[in-house]
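>>> how would this look folded up:
(chains A and B)
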There are 2 protein chains.
Amino acid sequence: MEIAILGAGRVGATLGVRWAEKGHRIIFGVPDPAEETVRGVREQCGSRGSAVTVPEAAAASRVILLAIPWDVTQEVLQSIEPLAGKILIDCINPVKPDFSGLDPEAVPSAAERIACWAPGAKVVKAFNTISDATMANPRYGAEQAAMFYCGDDDQAKSVARQLAEDLELEPIDSGPLSNAGHLESLAMLYIHLAIFGGWGADCAFRLVTR
Amino acid sequence: MEIAILGAGRVGATLGVRWAEKGHRIIFGVPDPAEETVRGVREQCGSRGSAVTVPEAAAASRVILLAIPWDVTQEVLQSIEPLAGKILIDCINPVKPDFSGLDPEAVPSAAERIACWAPGAKVVKAFNTISDATMANPRYGAEQAAMFYCGDDDQAKSVARQLAEDLELEPIDSGPLSNAGHLESLAMLYIHLAIFGGWGADCAFRLVTR
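Residues are numbered from 1 along each chain as shown, chains lettered A, B, ... in the order given. Modelled structure (predicted):
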């Protein structure tokens, strides 16, 4: 699969490098493709990694991972070609800069705002409830971390599910996009536990059954 | 410990019977203490169970579990004696009658509304993210279900923690009461998965570490 990843920060880089290891082609979309850290990330993807501008990456791929900060998301989406028909995987958490809570403007959820800003795109909320440490290594003993995802388009959900399985995460279908607020709230709980509760990045949610 | 449980529905009954098994004294507060199902629940608690009216139960105990429906909560709290200084354990989920989402009036959270309606009470949000099946049996193989709880009063949190440990749940301190909305959102995610996602009542969240 060809995946455009907008943003090459910790989340975009970690997912990109692991997906490249699994055989996917990764096109990073960044403000400056020649920038030092971008080059390092691209090189970690080997022959399967490239870096271009954000509009070029978005235009090149049917599957786009949004891994940019929440505060620039609207601007970035409006700066690129219409995204109608594209699969938009949103792993953004609309967290306040001091990590004290979610941005009250992200209502009903960041994912639903993104769906408004990218009319016709098939938005799926995914990969937002796990740390980059869990993205890099989803194994917890004999168990896999859960990857909750939700959306209104079956094809987009199935792509997110497959991309989670590729990383050995356990995908958990969490319903329609109107549940995205619950996944963003779960991410906020995770961030609170990790930062203020002393759990750190090496912890993850699971859904257990008997 | 003496625990007043307001409500003897599935949640109140399940927790009450199990706490009675562990040696706690349970005082159910219900509209009609002589009612058939209430008598059944009280009898399951053996000599440690009693049932009185809601105001009597609330007056009798320092620790009160709110296990009543969200839509009568304000009215019930305002019908009883001032609760200042009492430990109020809130396991209420402000879910819409069709389970489609959370009541938009429960903002920022049911727990914070409850804290307003019971001035001076030590409110702790707890036991709201697990099913009654998990309350009855918190073991999932070799693992325990997580019991996320949050509040602003250390003493109240410590009571909730102890009561979770008594039931062999794994208590997870989730910070201040301002995080209650995240726990209510987590409950809504759970309810969605259980009812609409086909997971049923025999599933639970865990927080795993390496």
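>>> Quick one: classify A:Leu88 as helix, strand or coil.
Assigned with DSSP: H, G, I helix; E, B strand; the rest coil, A:Leu88 falls in the strand class.
>>> repeat for A:Ala20
Looking at A:Ala20 with three-state DSSP, the answer is helix.
>>> how many other residues sit next to the residue lying closest to it once chain neighbours are set aside?
Spatially, and ignoring its direct neighbours in sequence, A:Ala20 is nearest to A:Cys45 (3.7 Å; CB to CB, 6 or more residues apart in numbering or on different chains). All C-beta atoms are positioned from the backbone trio N, CA, C, and that covers glycine. Number of residues near A:Cys45 (other CB atoms under 10 Å in any protein chain shown) recorded here: 23.
>>> List the contacts of A:Cys45.
A:Gly16, A:Val17, A:Ala20, A:Ile26 (CB atoms under 8 Å, 6 or more residues apart in numbering or on different chains).
>>> Check the gap between it and B:Ala160 for me.
For A:Cys45, the distance to B:Ala160 equals 47 Å [CB to CB, to the nearest Å].
>>> Ok, A:Phe127 next?
From A:Phe127 to B:Ala160 the distance is 32 Å (CB to CB).
>>> And what about the closest residue to chain B within chain A, helix, strand or coil?
Closest to chain B within chain A is A:Ser185: 3.6 Å, counting by CB to the nearest CB. Following three-state DSSP, we place A:Ser185 in the helix state.
>>> excluding its backbone neighbours, what's nearest it?
Closest residue to A:Ser185 apart from its sequence neighbours, by CB to CB, 6+ apart: B:Ser185 at 3.6 Å.
>>> Looking at the contacts of A:Cys45, which is nearest B:Val208?
B:Val208 lies nearest to A:Val17 out of these, by CB to CB, at 23.3 Å.
>>> Next, work out how far apart the closest one and A:Gln44 are.
A:Val17 is 5 Å from A:Gln44, by CB to CB.
>>> which one of the two has more residues nearby?
A:Val17 (20 against 16).
>>> which strands and helices sit next to the helix or strand containing the more buried one?
Element membership for A:Val17, per DSSP states H and E: helix A:10-21. Here helix A:10-21 touches strand A:2-6, strand A:25-29, helix A:36-44, strand A:49-52, helix A:132-136, helix A:154-166, going by 3 or more CB pairs under 8 Å, 6 or more residues apart in numbering or on different chains; DSSP states H and E.
>>> Now with 7 Å, please.
strand A:2-6, strand A:25-29, helix A:36-44, helix A:132-136 (3 or more CB pairs under 7 Å, 6 or more residues apart in numbering or on different chains; DSSP states H and E).
>>> Just the CA trace of that helix, in CSV.
Below are the C-alpha coordinates for helix A:10-21, written out as CSV (Å, rounded to 0.1, in the frame of the first residue of the first chain):
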residue,chain,number,x,y,z
ARG,A,10,7.3,11.2,16.5
VAL,A,11,4.0,9.6,15.6
GLY,A,12,4.3,10.0,11.8
ALA,A,13,7.9,8.8,11.8
THR,A,14,7.3,5.8,14.1
LEU,A,15,4.3,4.6,12.1
GLY,A,16,6.0,5.3,8.7
VAL,A,17,9.2,3.4,9.5
ARG,A,18,7.2,0.4,10.8
TRP,A,19,4.9,0.3,7.9
ALA,A,20,7.8,0.6,5.5
GLU,A,21,9.4,-2.5,7.3
